[in-house]
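**Q** okay, structure incoming, though there's no sequence with it:
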Ligand code: NAD
């Protein structure tokens, strides 16, 4: 099939490349000329494991362009995969979705299906269809399908090739049949429903996971107070299949381009209809205070960070991605800088993006050793495998004062006890290896 995708970001590009892998001819469209240039050169503009290899393997079936008119003109299916960031009031900003809609309407010259893959509030696909029909330049039949995406950054290619379900919100048998032709090659189970339910499935899924994270973080906070160990608690909970062990890792809260905005957007939508989603409101509030929990812990040791050498390990919102959107490191680093800290930071893939925000204010390091050398305190914000596998005894050897505040519970407490450091993590007791 001839497929075009509006938006070559984490979702659009991965979707496009994976659809090419199952034999479709895919054109990825983006308004960002730089991104398209990089893609045309055979490179991926984002860090996503396995993506570049698949791009190269399927290059005969992949085209990248900013010329949306020619890309949409004769497509069988056009996906909208542009961003839906958060507005100041928490609602979803749909300007990119509507802009792409207008571009599609003015370009299409044959019957086609437009599939909304961006995460959009319930009712948006109806509006997209109305807008398309009102702005058509040619006499063609166009229908809209809601087809939300569930991939996770860092495992996006695998998630797409091995998705647990494909949700299709359709209003006609014809639309369902066309979309099945797109996806049958993956051999994944379908959930066929109406458009509004499909849109709700996406928000309800993301918000449930965010709720699970905030729940375990609250239990972790209580564990610290009463002297229980969150790792054991989460293990004991997660072995119950009704609960499951995923998204039960206590830490300094969720970040990224989805959970923060999708919790706020659903809460906003409910409010708009005079209904309060109390559970989601709580999840958002817990996450906000959790993000700066390490700073609060650090205040036990230092009144101020002014003049201190602060080592930061991990900048991205989670391992496996170069994405910094809503990364807890951002809020923490802004507080530390404001307080006069001298920050040294390490991350395996996030530094280039960080430099766009802090070009000169931070000293970026090539190794963990270099980062922690002579530091007065070390913060861990992302659980990269390199950090988890790091020899903890080196903190004691290299730091000026071996105080490690770990927001991702990277280390086993028994190992840490022998390392001669002060170690604070989330939902577990403090280890003070300096006390005899
Ligand atoms: P992104 O910011 O990485 O990519 C969006 C791209 O759209 C950008 O490259 C931008 O230049 C481009 N764009 C904007 N307007 C355009 C237009 N008119 N025509 C063509 N391109 C245009 O965003 P993303 O992370 O891929 O997310 C896209 C959507 O998917 C969002 O609604 C998001 O909530 C949802 N989603 C994201 C993830 C994720 O893990 N990132 C997972 C599931 C769903």
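**A** That came through, no problem. Given the structure is predicted, the values throughout are model-derived calculations rather than measurements. Numbers count the residues shown, from 1 in each chain.
**Q** secondary structure class for residue 237?
**A** When the structure is reduced to helix, strand and coil (DSSP: H, G, I helix; E, B strand; the rest coil), residue 237 reads as helix.
**Q** tally of neighbours for the closest residue to it other than its chain neighbours?
**A** For residue 237, the nearest residue in space outside its immediate sequence neighbours is residue 243; the separation is 5.1 Å by CB to CB, 6 or more residues apart in numbering. The C-beta positions use only the backbone N, C-alpha and C, and glycine is treated the same way. Under the neighbour criterion other CB atoms under 10 Å, residue 243 is assigned a count of 13.
**Q** if I look at residue 243, what pLDDT would I see?
**A** pLDDT for residue 243: 98.
**Q** element containing it?
**A** No secondary structure element spans residue 243, as it lies outside all helices and strands (assigned by DSSP states H and E).
**Q** do the same with the one 4 residues further on
**A** When secondary structure is defined by DSSP H and E, residue 247 falls outside every helix and strand.
**Q** all strands of the stretch 201-350 of the chain, in order?
**A** Counting by DSSP state E, counting those that start in this stretch, the stretch 201-350 of the chain forms strands over residues 309-313, 342-346, given from the N-terminal end onward.
**Q** and the ones you listed, which is most packed in?
**A** Sort the strands of the stretch 201-350 of the chain by mean neighbour count, taking mean count of other CB atoms under 10 Å, and strand 309-313 sits at the top with a mean of 26.
**Q** for burial, what's the neighbour tally of the single nearest residue of the chain relative to the ligand?
**A** At 1.8 Å from the ligand, residue 9 is the closest residue in the chain, using CB to the nearest ligand atom. Summarising burial for residue 9: neighbours were counted as other CB under 10 Å, giving 21.
**Q** which residues touch the most centrally placed residue in the chain?
**A** Residue closest to the average C-alpha location in the chain (CA atoms, centre = their mean): residue 256, at 3.7 Å. In this structure, residue 256 makes contact with 153, 317-318, 321, 323, 325-327, judged by CB atoms under 8 Å, 6 or more residues apart in numbering.
**Q** among those, which are in reach of the ligand?
**A** Checked against the ligand using CB under 6 Å from any ligand atom, the contacts of residue 256 yield the following neighbours: residue 153.
**Q** out of the contacts of residue 256, who's the most crowded?
**A** residue 317 (28 neighbours).
**Q** distance of that residue relative to residue 98?
**A** When CB to CB, to the nearest Å is the yardstick, residue 317 and residue 98 sit 27 Å from each other.
**Q** same question for residue 124.
**A** Relative to residue 98, residue 124 is positioned 9 Å away (criterion: CB to CB).
**Q** what about those two, which has more around it?
**A** Applying other CB under 10 Å to residue 124 and residue 98 shows that residue 124 carries more neighbours, namely 24 against 16.
**Q** would you agree the more buried one is in contact with residue 130?
**A** No: counting by CB atoms under 8 Å, residue 124 does not reach residue 130; the two are 10.6 Å apart.
**Q** list phi and psi for the residue lying closest to residue 159 once chain neighbours are set aside.
**A** Setting aside the residues directly before and after it, residue 159 is nearest to residue 151 in space (CB to CB, 6+ apart), at 4.0 Å. When quoted as degrees, to the nearest 10, the phi and psi of residue 151 stand at phi -60, psi 160.
**Q** cool, and residue 380?
**A** According to degrees, to the nearest 10, the main-chain angles of residue 380 amount to phi -110, psi 120.
**Q** identify the bridge partners of it.
**A** residue 313, residue 406 (DSSP bridges).
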